[in-house]
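Participant: Just to be clear, the model below is a prediction. Sequence and coordinates:
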Amino acid sequence: MEPGVFRGPRRRLVSQPAQQTERPPPLPEPAASTSLGRSEFLQFLGASTTLAFFAAQQPRFARARTGAPSDPELLPNSLSCGGLTLKNPKYIGGGVQAEVYSASVPGTGLVALKLSRTNDDYAQGTFAREKQIMKLLQDNKVPNVVRCLGSGQVSTRDGPRCGLVLSPCTPFARNISVKTGCGLPQATEAQEAYRMEQLMGTAVRVLESGVAGVDVQVLQPQGAPDLTWIDFTEAALLKSEKGKLAVEGPAIICPEYEKRYRSAKDAVIGYATEVFLTVPPSSRNAAVEALTEELQTLAKERKRGVGKTFQDVWAKLPWRCSSFAQQRLEYYASAASGDWAAV
């Protein structure tokens with residue numbers, strides 16, 4: 001059998017005896033220090049599902065969004081941020097901590113300007129941390145993630161604010177986070193397979209980079225399967241300290257996410273849960289296939305990231321796929337997490 005390739009059971013003809021069916025290779029035992037138990041994962045998943053549903057029904061729950069800018073005349077028609085000149089800013093949306101505008105940059109095109117609502121030490125630290133995370137993901141060549149083109153103070157009619165210039169800008173995209181719903185309706189099978197390739201491929205690579213998203217938000221343009229991951233304000237960072245993985249959270253933690261920062265394991269379980277809940281039930285088979293292919297590719301790479309240890313989390317999710325697809329996913333998830341010496 002070729003090393004590094006999963007060979008599942010062959011399709012058995014009616015005339016063949018059952019004992020001739022080839023069994024898949026045995027799966028390795030996961031490392032005790034980092035193993036993510038299925039029972040505790042499902043318990044966390046149930047709690048997260050309830051919390052997500054409650055949050056979606058309560059607009060004022062913890063991180064309320066707003067449909068209007070703090071001041072319609074806040075920004076001039078031409079402004080600068082991070083050495084870039086932005087023209088004709090138009091309000092897109094916002095939350096408790098920031099508001100977002102679209103603007104045009106000569107020679108670059110349409111960009112998004114994320115603007116803090118205050119200019120205190122907390123806002124400056126939050127924006128600096130999010131910029132750091134985006135740079136980390138960009139340095140690791142993680143696909144489908146918003147890029148930071150520049151940052152700095154922005155002069156507004158209400159005084160200076162913190163700003164991040166982001167690309168791409170998709171002002172009419174739908175947010176497919178847990179709190180807002182799962183994807184766009186009536187997608188073709190090919191579109192949905194492509195969408196799952198993007199979603200799962202990025203999810204795996206984000207974790208590999210040592211980032212466990214919290215309040216995961218993914219934008220999808222109307223009528224297109226392309227995705228862009230945005231807003232890493234609440235993300236947990238996994239860091240290696242004295243041979244152990246520790247977790248670093250933001251300066252101020254929202255009560256609804258407090259458990260996510262207690263340990264690296266909690267951060268990873270919470271992140272995987274959110275990703276799972278953004279997948280419509282009808283797309284789970286495509287998601288499993290996309291995950292398996294990405295993990296197979298990752299397992300063969302020599303240079304690995306901080307999140308390597310936890311890549312087996314994807315096989316703990318209750319995908320309810322065929323037994324063959326589940327075995328294949330478990331095989332490559334174990335390989336990608338470094339528990340399979342043959343890779």
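Facilitator: Sure thing, it's come through.
Participant: show me where pLDDT drops low in the stretch 201-343 of the chain?
Facilitator: 339-343 (pLDDT under 70).
Participant: what ranges do the helices span in it?
Facilitator: Taking DSSP state H, counting those that start in this stretch as the criterion, the stretch 201-343 of the chain contains helices spanning 264-277, 284-299, 323-336.
Participant: looking at the ones you listed, which is buried most?
Facilitator: helix 264-277 (a mean of 24; mean count of other CB atoms under 10 Å). Just so you know, the C-beta spots here come from the backbone N, C-alpha and C atoms, and that holds for glycine as well.
Participant: for that helix, packing partners?
Facilitator: Packing partners of helix 264-277 (3 or more CB pairs under 8 Å, 6 or more residues apart in numbering; DSSP states H and E): helix 38-57, helix 189-208, strand 211-212, strand 236-241, strand 244-248.
Participant: one more time with 10 Å, if that's ok
Facilitator: helix 38-57, helix 189-208, strand 211-212, strand 217-220, strand 236-241, strand 244-248, helix 284-299 (3 or more CB pairs under 10 Å, 6 or more residues apart in numbering; DSSP states H and E).
Participant: Kindly report the domain assignment for this structure.
Facilitator: 42-57+173-336, 78-167 (automatic domain parsing).
Participant: want to try CSV for those domains, with distance to Asp71 as columns?
Facilitator: Converted to CSV, these look like this (distance: least, CB to CB, whole Å):
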stretch, distance to Asp71
domain 42-57+173-336, 22
domain 78-167, 6
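Participant: follow-up on the earlier one: turn the helices of the stretch 201-343 of the chain into CSV, columns for distance to Val206.
Facilitator: As requested, these are exported to CSV (distance: least, CB to CB, whole Å):
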stretch, distance to Val206
helix 264-277, 8
helix 284-299, 11
helix 323-336, 14
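Participant: Nearest to Pro225, out of those helices?
Facilitator: helix 284-299 (11.2 Å; CB to CB).
Participant: if we can go back for a sec, tell me which of the helices of the stretch 201-343 of the chain sits nearest to Phe310.
Facilitator: Of all the helices of the stretch 201-343 of the chain, helix 264-277 sits nearest to Phe310, with 4.4 Å by CB to CB.
Participant: Please work out the angle formed by the directions of that closest one and helix 189-208.
Facilitator: 170 degrees (axes from the mean of the first three to the mean of the last three CA atoms, to 10 degrees).
Participant: Can you give the distance from helix 264-277 to the centre of its chain?
Facilitator: 10 Å (CA atoms, centre = their mean, to the nearest Å).
Participant: report the angle between the axes of it and strand 236-241?
Facilitator: 150 degrees.
Participant: Of the helices of the stretch 201-343 of the chain, which is nearest Gly95?
Facilitator: Using CB to CB, these put helix 264-277 closest to Gly95, at 16.8 Å.
Participant: Please tell me how far Pro106 sits from Leu79.
Facilitator: Using CB to CB, to the nearest Å, we find Pro106 at a distance of 13 Å from Leu79.
Participant: now swap in Ser167 and tell me
Facilitator: 17 Å.
Participant: Looking at those two, which one has more neighbours?
Facilitator: Comparing Ser167 with Leu79 by other CB atoms under 10 Å, the one with more neighbours is Leu79, at 19 against 16.
Participant: Report pLDDT for that one.
Facilitator: As predicted, Leu79 sits at a pLDDT of 96.
Participant: That one belongs to a strand?
Facilitator: Yes - according to DSSP: H, G, I helix; E, B strand; the rest coil, Leu79 belongs to a strand.
Participant: nearest to Pro160, of the helices of the stretch 201-343 of the chain?
Facilitator: Here helix 264-277 is closest among the helices of the stretch 201-343 of the chain (CB to CB), at 33.3 Å.
Participant: can you confirm Leu113 is in a helix?
Facilitator: No - assigned with three-state DSSP, Leu113 falls outside any helix and is strand.
Participant: give me the beta-bridge partners of it?
Facilitator: Per DSSP bridges, the residues bridged to Leu113 are Tyr101, Val165.
Participant: Now for it: which residues touch it?
Facilitator: By CB atoms under 10 Å, 6 or more residues apart in numbering, Leu113 lies in contact with 75, 79, 81-82, 84, 86, 89-90, 92, 98-103, 105, 150, 154, 161, 163-166, 169.
Participant: now swap in Asn119 and tell me
Facilitator: By CB under 10 Å, 6+ apart, the contact list for Asn119 reads 153-154, 156, 158-162.
Participant: returning to what we had before: buried deepest among the helices and strands packed on helix 264-277, which one?
Facilitator: strand 211-212 (a mean of 28).
Participant: chain center to that strand: distance?
Facilitator: 8 Å.
Participant: Skipping its backbone neighbours, what lies nearest Ser240 in space?
Facilitator: Val306 (6.1 Å; CB to CB, 6 or more residues apart in numbering).
Participant: Alright, that wraps it up for me.
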